[in-house]
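Participant: Provided below for reference: sequence and predicted model.
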There are 2 protein chains.
Amino acid sequence: MPGGIDATAILDRVVPAKDVDGFHPYNVGLLVQGRPTLHPCTPAGIMEMFRRENIALAGKRAVVVGRSNIVGKPMAALLLHAHATVTICHSRTRDLASVTREAEILIAAAGRLSLIGEDHVSPGAVVVDVGMHRVTDRATVEHLFPGNEKKIAAFANKGAVLAGDVDFTRVAPKTSKITPVPGGVGPLTIAMLMANTVKAATMRRGKDL
Amino acid sequence: MPGGIDATAILDRVVPAKDVDGFHPYNVGLLVQGRPTLHPCTPAGIMEMFRRENIALAGKRAVVVGRSNIVGKPMAALLLHAHATVTICHSRTRDLASVTREAEILIAAAGRLSLIGEDHVSPGAVVVDVGMHRVTDRATVEHLFPGNEKKIAAFANKGAVLAGDVDFTRVAPKTSKITPVPGGVGPLTIAMLMANTVKAATMRRGKDL
């Protein structure tokens, strides 16, 4: 939103039945109660990914890093309804690595570049990286992508490369599956926004939300 | 609700500004977003207890056992907003004791008699028992309250005694603080219903919800 505009006041004015972002408090409440509604796109996309990859969630330890209204909290609710045992971490969590190492499913959505390193992940974990950061510093690019000619060339060309909340280079070898940044969660979020738009239209044609 | 009546349909018809139970989806959404609203009474009462007992929550590991809309989920949201690192367990959680032993703050709200035993609690934990069960079986009473003449006399008199989700006799010695059943969370819940009623009236007189 442009400066001087209260985003919450605007979001509250969106008709819940047309709220394809799933940000209206009424839709948030329905989601948390496990009732049919429009789900926020990023968590919804991640759940879709789990379904398509046949990643079982019931009984698993899932850890969500980040407690935003857009990703962290709805993600935790969806994982909980899928019968995972869910832990939510954030900036005030003590000894983050010891908590994230409990994760069989780890969602990094803290908005901090490379927060999740090798020590934060147990062998075999499934890691989903929601972070998206523009790295404009050469030393950081070289640290994050050592010997990765493609990334270093991209940086030389554009003066920036994208990276996530997870230190992909060092974490990926420990995981059973991991999403990249870019090209992981981002495109899914956009796809789910389209899916929600169709869903909202279908619900309005058919029956009550 | 009497049989044949859909409780959800009724709750949805309560005006959010008068929803002193905090069960309407709109209020649930506001709570989860960390915005001012009427909070469900049992979790609100537990938070009030933490405040009055000066139990710090920020950075603590909190574990909520039970994921009901009435207690477990709103409790987790309130603990999260108080900066605890929150885990939610439920009937599908594997090795429950290993998860609950991580708790510095443990909320037992599963609705299962004596689910939380000695092995489920780490030394020094703060334990809050939300369970409330009528025990009508003599052997169970004697197992739960060995040598407790008062409980056994009460059972002889009334044919039943009350007990919680926590095996109080065996768990209490390990804890730094623990709520009893009855006389713990129950009366607080009723008090918070009164507090919410006053809060709702004040909000309606003063300004918008």
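Facilitator: Yep, it's here.
Participant: So which residues of chain A form helices?
Facilitator: With helices called from DSSP state H, chain A shows them at A:7-11, A:25-32, A:41-52, A:72-81, A:96-100, A:138-144, A:149-158, A:168-171, A:185-206.
Participant: what's the closest of those helices to B:Arg92?
Facilitator: helix A:72-81 (9.9 Å; C-beta to C-beta). (Each C-beta comes from the backbone N, C-alpha and C, glycine too.)
Participant: returning to that earlier point: reformat the helices of chain A as CSV; add mean neighbour count.
Facilitator: Converted to CSV, the helices of chain A look like this (neighbours: other C-beta atoms under 10 Å in any protein chain shown):
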stretch, mean neighbour count
helix A:7-11, 12
helix A:25-32, 25
helix A:41-52, 21
helix A:72-81, 25
helix A:96-100, 18
helix A:138-144, 15
helix A:149-158, 13
helix A:168-171, 20
helix A:185-206, 15
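Participant: Need those helices in JSON lines (columns: distance to chain B).
Facilitator: Formatted as JSON lines, the helices of chain A follow (distance: least, C-beta to the nearest C-beta, whole Å):
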{"stretch": "helix A:7-11", "distance to chain B": "8"}
{"stretch": "helix A:25-32", "distance to chain B": "3"}
{"stretch": "helix A:41-52", "distance to chain B": "13"}
{"stretch": "helix A:72-81", "distance to chain B": "6"}
{"stretch": "helix A:96-100", "distance to chain B": "6"}
{"stretch": "helix A:138-144", "distance to chain B": "27"}
{"stretch": "helix A:149-158", "distance to chain B": "34"}
{"stretch": "helix A:168-171", "distance to chain B": "21"}
{"stretch": "helix A:185-206", "distance to chain B": "16"}
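Participant: can you list these in CSV and add mean pLDDT?
Facilitator: Below are the helices of chain A laid out as CSV (pLDDT from 0 to 100):
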stretch, mean pLDDT
helix A:7-11, 93
helix A:25-32, 98
helix A:41-52, 97
helix A:72-81, 98
helix A:96-100, 98
helix A:138-144, 95
helix A:149-158, 93
helix A:168-171, 98
helix A:185-206, 92
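Participant: okay, now the domains of chain A?
Facilitator: A:1-38, A:39-132+A:163-198 (automatic domain parsing).
Participant: among these, which is nearest B:Ala201?
Facilitator: Of all the domains of chain A, domain A:1-38 comes closest under C-beta to C-beta, at 21.5 Å.
Participant: Need the residue closest to the centroid of chain A.
Facilitator: A:Val130 (3.6 Å; C-alpha atoms, centre = their mean).
Participant: Give me the pLDDT for the residue nearest to it when sequence neighbours are not counted.
Facilitator: Of all residues not flanking A:Val130 in the chain, A:Ala109 sits nearest, at 3.8 Å (C-beta to C-beta, 6 or more residues apart in numbering or on different chains). At A:Ala109, the model reports a pLDDT of 98.
Participant: Pull out the buried residues from stretch A:95-111.
Facilitator: Within stretch A:95-111, the residues that count as buried by 16 or more other C-beta atoms under 10 Å in any protein chain shown are A:96, A:99-111.
Participant: Let's see which of those end up in strands.
Facilitator: Taking DSSP state E, the ones among the buried residues of stretch A:95-111 that sit in strands are A:Ile105, A:Leu106, A:Ile107, A:Ala108.
Participant: residues contacting the nearest residue to A:Gly164 once chain neighbours are set aside?
Facilitator: Closest residue to A:Gly164 apart from its sequence neighbours, by C-beta to C-beta, 6+ apart: A:Val181 at 3.3 Å. A:Val181 is in contact with A:Asp129, A:Gly131, A:Met132, A:Leu162, A:Ala163, A:Gly164, A:Val166, A:Phe168, counting by C-beta atoms under 8 Å, 6 or more residues apart in numbering or on different chains.
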